[in-house]
Structure formats: C-alpha cells, structure tokens
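Chemist: Need a 3D model of the sequence below.
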Amino acid sequence: MSIKVSNLSKNYGAQKAVNNISFSIGKGEIVGFLGPNGAGKSTTMKIITGYIESDGGEVEVCGEQVHTNTLSTKKKIGYLPEANPLYFDMFVREYLEFVAGVHKIQQPKNKVEEAIKTVGLTIEANKKIGQLSKGYKQRVGLAAALIHDPEVLILDEPTSGLDPNQIVEIREVIKSLGQNKTVLFSSHILQEVQAICDRVIIINRGNIVADDTLSNLQKGKSGEHIVLVQFKENVPIQILQQLKEVVGIEQAEESNYKINTTNPESVRKQLMELSLKNNLNIVSLQSESNSLEEVFRSLTSTNHS
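Modeler: I've put the predicted structure just below:
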C-alpha cells in the first residue's frame, strides 16, 4: 500500500479533529477526500505528510512509518497545501531550482524543465511568481510538489479559486499524474471528483462516513439503479417482465418505462436484445443514479447520525 492510515486521532483541546480513522490507498489510485469545512481533511493530510503529529494511531507511506521515518517518507511525498506558500519575488525557474536544491536533486535544471512542461507552465516560466494569475501560481505549487518525482501526491484543494478553464487543465494534469503515482486530493467541487476519481473517502466531524467506489456510493441504500427506456411504439409491460435482475418496472406512459435494477449494464444489454427480437425501436435509453452531491449531503448533513 502506498498510504496506510490506522486508527488515526488528532485533538485540538476538547475538539476531535480526527477520530480514530483508518483507510489505505494502493499504488496508481486517485482518491477523492471529501468533507465539509472543519471535517478533518486538511488535518489528516498534514499528518500523512509529516507536517503535524497525530495524538494516536499510525500512518505508513510506501511501507515506512511517518512518525519514526519522517524525513524518509517526506522524500516520497509531493504535497500541495491549500495555502500554497510561494516566494512571490522569485522567478518561476529560480523558485523551482531552489526547491530542487532542497531535495538535493541531481541535474536540477532538467527536472525543473520537466516539471514546468508537465504542469503547463512553459509560457509563464520567465515571469516572477508574484506576476502570475491564481491559476498559474497553483501550477507552480504543483510543479514544486512534483520536482523530486515522488511516489505519492497529497493535494489539498488543488483547484481552489481557479476559473473553469484552469480547473479542466489542472484536472487533466492530475489524471495524467495518477497513471503512475498515488494521488489523494481534497476538493469542494464534486464534479471535479466525479471527473477524476473512481474512489471517494468522505469524512464528517472527524469520522469516515463513506469509503467506496463512486458507482457503489451512487447506487443508494438499496443498491439499486434506475434505467429509463422510451420506445417509439406502445410496448406491453409483459414483454419487459422477461428481463432478468429487475426489481420493479414502472410505466410512466405507454412507451416510457422506469426499471429498477441491481445491474443496469445487464438490463441495458437485455433491452437492446429484446428490441431486436421483437422488432421494437428504442428512442432513448439511460441510467439514472444518485448524484455525488446527493450522497455527500445525505452523509454530512447536520441531522445525519
């Protein structure tokens, strides 16, 4: 496992910021870390990166304990904090060469150019950091996190304050990085998470309330999906009752049906076969599931127990 968190706790006075949480992330996974403000996301990330100490529990990064091997594990982590601290009076290349020097990187100029290219900074690379837009400052922070070619990336709100075009660009960078690195990133933009991740961890009031794939979370409590099908012709419901793995069928109009199923892919395939066999014409065929926003709200609302 690239990241293994076991029974992690952190208190600030009487407040439990992180309450005995556990999870693990394998190599090559891109995992979204979600939660309301004050849920414990940034605290957990700071403990994983070794910036603050926990009050209990253990964190391992690439098989090493962070508490006892802090320096060694930091070398394996690239961290972009939410605040993204930068030296505004330094030029982009100058700053990245400084970061490369801190990591004692061999041939630092090559690594700097590689990082600049990876995050799409080339056209702004000759400017001072203070002259850059928020989006490009964020890219500088991401380049600094990547400069030492870490195995694990911890990104805290990497698209915070960016415009829609910049968000898409940074999203593509994160997706490409996730092909050979482990990425844990937090975001308040749920569409962002849906676009990048297969798996989501949701934390609320210091407790993990969900850790699953997006598709499983969106099934809802019953584990059911809805398939909506519209035919050109009027179709007797008896024909659709031949379908397997169907929990229930609801007829909206003569040619419109709402099908509850535990296996939407199978039902869609069966409908196509059924239409060919019975010479029927399907006008539209789509699956409907809970949005991530609905899942998030149900798990983190104030009345959720």
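Chemist: hang on, residue 229 is in a helix, isn't it?
Modeler: No: counting by DSSP: H, G, I helix; E, B strand; the rest coil, residue 229 is located in no helix; its state is strand.
Chemist: can you pull out the helices in the stretch 201-305 of the chain?
Modeler: With helices called from DSSP state H, counting those that start in this stretch, the stretch 201-305 of the chain shows them at 214-217, 237-240, 264-277, 292-300.
Chemist: possible to save those as JSON lines with mean neighbour count and distance to residue 196?
Modeler: Quick note: C-beta positions are derived from backbone N, CA and C, even for glycine. As requested, those are exported to JSON lines (neighbours: other CB atoms under 10 Å; distance: least, CB to CB, whole Å):
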{"stretch": "helix 214-217", "mean neighbour count": "15", "distance to residue 196": "10"}
{"stretch": "helix 237-240", "mean neighbour count": "13", "distance to residue 196": "36"}
{"stretch": "helix 264-277", "mean neighbour count": "16", "distance to residue 196": "22"}
{"stretch": "helix 292-300", "mean neighbour count": "17", "distance to residue 196": "12"}
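Chemist: Put together a markdown table for the ones you listed, with distance to residue 55 on each row.
Modeler: Conversion of the helices of the stretch 201-305 of the chain to a markdown table gives the following (distance: least, CB to CB, whole Å):
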| stretch | distance to residue 55 |
| --- | --- |
| helix 214-217 | 30 |
| helix 237-240 | 57 |
| helix 264-277 | 44 |
| helix 292-300 | 23 |
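Chemist: Look at residue 44 and tell me its secondary structure.
Modeler: Residue 44 ends up helix, using three-state DSSP.
Chemist: Next, count neighbours for it.
Modeler: Neighbours of residue 44 under the rule other CB atoms under 10 Å: 29.
Chemist: how close does residue 134 sit to residue 286?
Modeler: 37 Å (CB to CB, to the nearest Å).
Chemist: Then residue 191?
Modeler: 19 Å.
Chemist: before we move on, what about residue 129?
Modeler: From residue 129 to residue 286 the distance is 46 Å (CB to CB).
Chemist: Which one's more surrounded, those two?
Modeler: residue 129 (20 against 11).
Chemist: quick one, phi/psi of that one?
Modeler: phi -60, psi -40 (degrees, to the nearest 10).
Chemist: the strands in the chain, which residues?
Modeler: If DSSP state E is used as the criterion, the strands of the chain fall at 3-12, 15-25, 30-34, 56-61, 64-65, 77-80, 152-156, 182-186, 199-204, 207-213, 225-231, 246-253, 256-261, 282-288.
Chemist: circling back: compare the helices of the stretch 201-305 of the chain and give me the one nearest residue 162.
Modeler: Closest to residue 162 of these is helix 292-300 (CB to CB; 19.6 Å).
Chemist: related to what we said a few turns ago, could I get the strands of the chain in CSV, plus columns for mean pLDDT?
Modeler: Putting the strands of the chain into CSV (pLDDT from 0 to 100) gives the following:
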stretch, mean pLDDT
strand 3-12, 95
strand 15-25, 95
strand 30-34, 94
strand 56-61, 95
strand 64-65, 94
strand 77-80, 95
strand 152-156, 94
strand 182-186, 94
strand 199-204, 94
strand 207-213, 92
strand 225-231, 88
strand 246-253, 86
strand 256-261, 88
strand 282-288, 85
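Chemist: Ok, which of the ones you listed comes nearest residue 89?
Modeler: strand 77-80 (20.7 Å).
Chemist: bridging residues for the residue positioned nearest the centre of the chain?
Modeler: Among the residues of the chain, residue 32 comes closest to the average C-alpha position under CA atoms, centre = their mean, at 2.4 Å. With DSSP bridges as the criterion, residue 32 is bridged to residue 185, residue 200.
Chemist: can you tell me which residues contact it?
Modeler: 185-187, 192-193, 196-197, 199-201 (CB atoms under 8 Å, 6 or more residues apart in numbering).
Chemist: can you rerun that using 6 Å?
Modeler: Contact analysis of residue 32 by CB atoms under 6 Å, 6 or more residues apart in numbering lists 193, 197, 200.
Chemist: Can I get the residues you listed in CSV including neighbour count and distance to residue 168?
Modeler: Shown next, in CSV, are the contacts of residue 32 (neighbours: other CB atoms under 10 Å; distance: CB to CB, whole Å):
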residue, neighbour count, distance to residue 168
193, 22, 14
197, 25, 16
200, 23, 20
